[in-house]
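Asker: This is a predicted model, with the sequence first.
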Amino acid sequence: MEVNDDSTFSELEIDTLQEIMNIAFGQASADLAEVINVFIVLSVPSLKLKKAVSLSEFIGLEIGDLKNFKIVEQSYWGKSKGVALLAFPHEAELELIAMFREDTDMGFDSEMSDELDNEMLIEIGNILIGACVSKMAELLKDVVTFVPPRVISGEQLSEAFVENRFERESRVILLKTLFQIEGRELSGHLFLVNSLDSIHTLKDALRAFWKQYE
């Protein structure tokens with residue numbers, strides 16, 4: 001896992017966060033596999049500290065052409081506040097929706113296709129984001145509450161998205177990973193953004209996590 005500020009997290013803390021995210025996303029993948037017959041492979045997560053005001057630009061550079069992305073956005077809070085962004089390129093979004101339709105026996109109504117597609121993306125986001133964030137919280141002895149997710153286009157990911165959640169000049173902890181559906185040319189991005197004011201709570205939780213294995 002990479003981090004752009006070595007003075008903030010120790011190597012052990014970074015490695016532990018990486019392992020916790022791997023475990024959490026493994027749970028999310030298993031939960032999704034119960035709904036549609038897919039297996040998700042997770043890339044090595046990375047951790048960065050960013051200014052809130054630069055988040056939308058950074059995410060745009062990470063995922064490429066924002067015009068071709070749909071994003072499931074979901075805010076949550078526990079000992080800290082955060083927001084999850086599950087981003088799919090257009091082709092991947094359509095293929096995943098088709099798989100969801102097939103495996104859940106949902107019909108197709110052309111007049112309501114956009115609305116139904118968004119509902120299915122929200123359901124997929126509920127599964128992946130909910131299981132991942134909840135499992136991370138469980139491992140760190142936290143409890144999170146979720147705001148209902150919504151679907152936005154990549155073009156809607158702007159500074160306004162940040163300003164409603166974080167102080168513009170504040171720093172945030174950004175966990176990001178690329179995931180791919182095994183056997184298919186189908187991938188997406190997951191970003192977990194948490195306020196840096198939770199760093200002391202996070203470090204305490206990591207110490208408690210290590211003690212379980214001493």
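Answerer: Sure, I can see it.
Asker: Pull out the buried positions in stretch 67-76.
Answerer: Asn68, Phe69, Lys70, Ile71, Val72, Glu73, Gln74, Ser75, Tyr76 (16 or more other C-beta atoms under 10 Å). (Each C-beta comes from the backbone N, C-alpha and C, glycine too.)
Asker: Kindly report the same for stretch 201-208.
Answerer: Applying a neighbour-count criterion of 16+ other C-beta under 10 Å, one finds Leu202, Ala205, Leu206 buried in stretch 201-208.
Asker: repeat for stretch 165-182
Answerer: By neighbour count on 16+ other C-beta under 10 Å, the buried set for stretch 165-182 is Phe166, Arg171, Val172, Ile173, Leu174, Leu175, Lys176, Thr177, Leu178, Phe179, Gln180, Ile181.
Asker: Would you tell me which strand is longest in the chain?
Answerer: strand 171-181 (DSSP state E).
Asker: Just the CA trace of that one, in CSV.
Answerer: Output in CSV follows, covering the C-alpha atoms of strand 171-181 (Å, rounded to 0.1, in the frame of the first residue of the first chain):
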residue,chain,number,x,y,z
ARG,A,171,-7.0,16.8,4.8
VAL,A,172,-8.8,13.5,4.4
ILE,A,173,-7.7,9.9,4.4
LEU,A,174,-8.3,8.3,1.0
LEU,A,175,-8.3,4.5,0.6
LYS,A,176,-8.6,3.4,-3.0
THR,A,177,-8.6,0.1,-4.9
LEU,A,178,-9.3,-1.3,-8.3
PHE,A,179,-11.5,-4.4,-8.5
GLN,A,180,-12.1,-6.8,-11.4
ILE,A,181,-14.7,-9.5,-12.0
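Asker: returning to that earlier point: out of the buried residues of stretch 201-208, which sit inside helices?
Answerer: In helices, defined here by DSSP state H, the members of the buried residues of stretch 201-208 are Leu202, Ala205, Leu206.
Asker: tell me which of those is nearest to Gly125?
Answerer: Using C-beta to C-beta, Leu202 comes nearest to Gly125 of these, at 23.8 Å.
Asker: Please name the residues that touch the closest one.
Answerer: Lys79, Ser80, Leu140, Ile173, Asn194 (C-beta atoms under 8 Å, 6 or more residues apart in numbering).
Asker: and which of those residues is nearest to Glu115?
Answerer: Out of those, the member with the shortest distance to Glu115 (by C-beta to C-beta) is Asn194, at 31.4 Å.
Asker: Counting neighbours, what do you get for that closest one?
Answerer: Asn194 is flanked by 23 other residues according to other C-beta atoms under 10 Å.
Asker: would it count as being in a strand?
Answerer: Yes. With DSSP: H, G, I helix; E, B strand; the rest coil as the criterion, Asn194 is located in a strand.
Asker: pLDDT score for it?
Answerer: The per-residue pLDDT reported for Asn194 equals 86.
Asker: Kindly report the same for the one 10 residues further on.
Answerer: Looking at Asp204, its pLDDT stands at 85.
Asker: go on, Ser110?
Answerer: 47.
Asker: which intervals of this structure have sub-threshold pLDDT?
Answerer: Filtered on pLDDT under 70, the chain yields the residue ranges 1-7, 90-93, 100-114, 158-164, 214.
Asker: Tell me the spatial nearest neighbour of Glu13, not counting adjacent residues.
Answerer: Using C-beta to C-beta, 6 or more residues apart in numbering and skipping residues adjacent in sequence, the residue nearest Glu13 is Leu206, 5.4 Å away.
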